[in-house]
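**Q** sequence and predicted structure, then a few things I'm wondering about:
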Amino acid sequence: MSKVQIQIVTWNSRAHLERLFLGIEKQTGVDFSVVVIDNASTDGTVKWLGQNFNVVSSLARNPLYNDINKNKGPLPNVEATKDVVLIKNQTNRGFAAAHNQGLAVCQAPYVLALNPDTELQAGYLEEVLRVIESDSKVASVQGKLYRELPEGEKYGIIDSCGLKMKSWGEVVDIGQNQLDTGNFETHDHPQPLLGKGGDIFGATGACALYRLEALKSVQDKHGIFDERFGSYKEDVDLAWRLQRAGWKAVFTPRAVAWHGRGVGRGDKRSWRIRFLSWRNQVLMLIKNLL
């Protein structure tokens with residue numbers, strides 16, 4: 001059995017797959033498996049997976065209805081970077097519901113939720129696993145995410161060093177769009193403290209290692225990730241519920257990754273993203289404050 005399940009939700013993500021799996025293949029020293037939940041891609045995402053990996057099919061399972069799957073048995077053993085478990089949806093179910101499908105078949109104690117437009121640097125998985133195993137109360141670990149700019153350009157612009165709660169309930173990505181000059185080595189970065197890291201409010205869902213036990217402890221009728229959110233803010237809501245349940249989140253600067261965060265998306269989709277983000281912000285505040 002693998003120690004970490006890397007799970008990726010795809011939707012027309014073909015353009016990102018080479019870099020995504022290049023980063024995954026750099027991860028050594030950790031026994032892991034890969035699960036892809038595809039939300040009805042039409043751009044050749046599934047075809048590319050089949051051409052490059054041994055795709056192990058899995059029935060899409062809803063974590064709220066495990067009783068119907070109790071006799072299906074475990075998933076086949078998979079070999080990291082050679083075998084990929086594929087959960088293929090007929091419609092776009094959104095980020096939250098798709099990740100719940102992956103969590104429903106997870107047999108590893110830890111899960112790395114990984115966006116398809118993310119590229120891991122060598123050693124990322126080993127470092128976040130080291131941190132989460134150092135304290136049984138840590139539910140999630142966040143590495144240092146840099147922003148990947150158009151045309152694959154990579155500069156020292158921070159995408160996220162974890163989530164931070166502002167005084168009036170807004171949760172933001174620490175350091176986002178700021179130049180890293182050595183001052184993002186702790187969660188609050190007052191001074192450079194290489195390798196120290198620190199506690200944060202939560203981990204961004206783009207590249208977060210979660211303890212499965214912690215996720216199950218906050219699961220409710222809407223799932224581990226609240227499926228009413230669809231996409232956007234579902235990771236923030238999960239972080240909030242984990243905090244309320246007494247779990248911790250930790251940032252480590254020794255784990256580094258690059259995140260596209262919408263590189264290549266035009267203004268045509270920006271209004272929808274802004275609306276969903278605003279709607280889910282309101283839902284999150286109602287859920288967690290009232």
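**A** That came through fine.
**Q** so what's the residue lying closest to Q178 once chain neighbours are set aside bridging to?
**A** Excluding the flanking residues, the one nearest Q178 by C-beta to C-beta, 6 or more residues apart in numbering is I158, at 5.1 Å. For the C-beta atoms, the positions are set from N, CA and C on the backbone; glycine is no exception. Beta-bridge partners for I158, by DSSP bridges, are Y146.
**Q** burial count for I158?
**A** Residues lying near I158 (other C-beta atoms under 10 Å) number 21.
**Q** that one against G182, yeah?
**A** No - applying C-beta atoms under 8 Å, one finds I158 not in contact with G182, separated by 11.7 Å.
**Q** list the contacts for D159?
**A** 145-148, 173, 176, 206, 258-259, 261 (C-beta atoms under 8 Å, 6 or more residues apart in numbering).
**Q** at 7 Å instead, please
**A** By C-beta atoms under 7 Å, 6 or more residues apart in numbering, the contact set of D159 is 145-147, 176, 259, 261.
**Q** tabulate those residues (a markdown table), appending neighbour count, pLDDT and distance to H99.
**A** A markdown table is the format used below for the contacts of D159 (neighbours: other C-beta atoms under 10 Å; pLDDT from 0 to 100; distance: C-beta to C-beta, whole Å):
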| residue | neighbour count | pLDDT | distance to H99 |
| --- | --- | --- | --- |
| L145 | 26 | 95 | 18 |
| Y146 | 23 | 94 | 23 |
| R147 | 21 | 91 | 23 |
| Q176 | 16 | 90 | 22 |
| H259 | 21 | 94 | 17 |
| R261 | 19 | 72 | 18 |
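**Q** residues in contact with D135?
**A** Counted by C-beta under 7 Å, 6+ apart, D135 has contacts K248.
**Q** how about 10 Å then?
**A** 141, 248, 250 (C-beta atoms under 10 Å, 6 or more residues apart in numbering).
**Q** ok, it to L238 distance?
**A** For D135, the distance to L238 equals 19 Å [C-beta to C-beta, to the nearest Å].
**Q** now the residue most central in space within the chain: phi and psi?
**A** For the chain, the residue nearest the mean C-alpha position is A113 (2.8 Å; C-alpha atoms, centre = their mean). Dihedral pair for A113: phi -80, psi 120, per degrees, to the nearest 10.
**Q** tell me the bridge partners for it.
**A** Q7, A208.
**Q** I'd guessed it sits against F225; true?
**A** Yes - between A113 and F225 a contact is recorded at 8.9 Å, counting by C-beta atoms under 10 Å.
**Q** so after the helix or strand containing E18, what's the next helix or strand?
**A** Assessed by DSSP states H and E, E18 sits inside helix 17-25. Once the chain leaves helix 17-25, the next helix or strand it forms, by DSSP H and E, is strand 32-39.
**Q** for that following strand, the distance to its chain's centre please.
**A** Taking C-alpha atoms, centre = their mean, to the nearest Å, one finds strand 32-39 lying 12 Å from the centre of the chain it belongs to.
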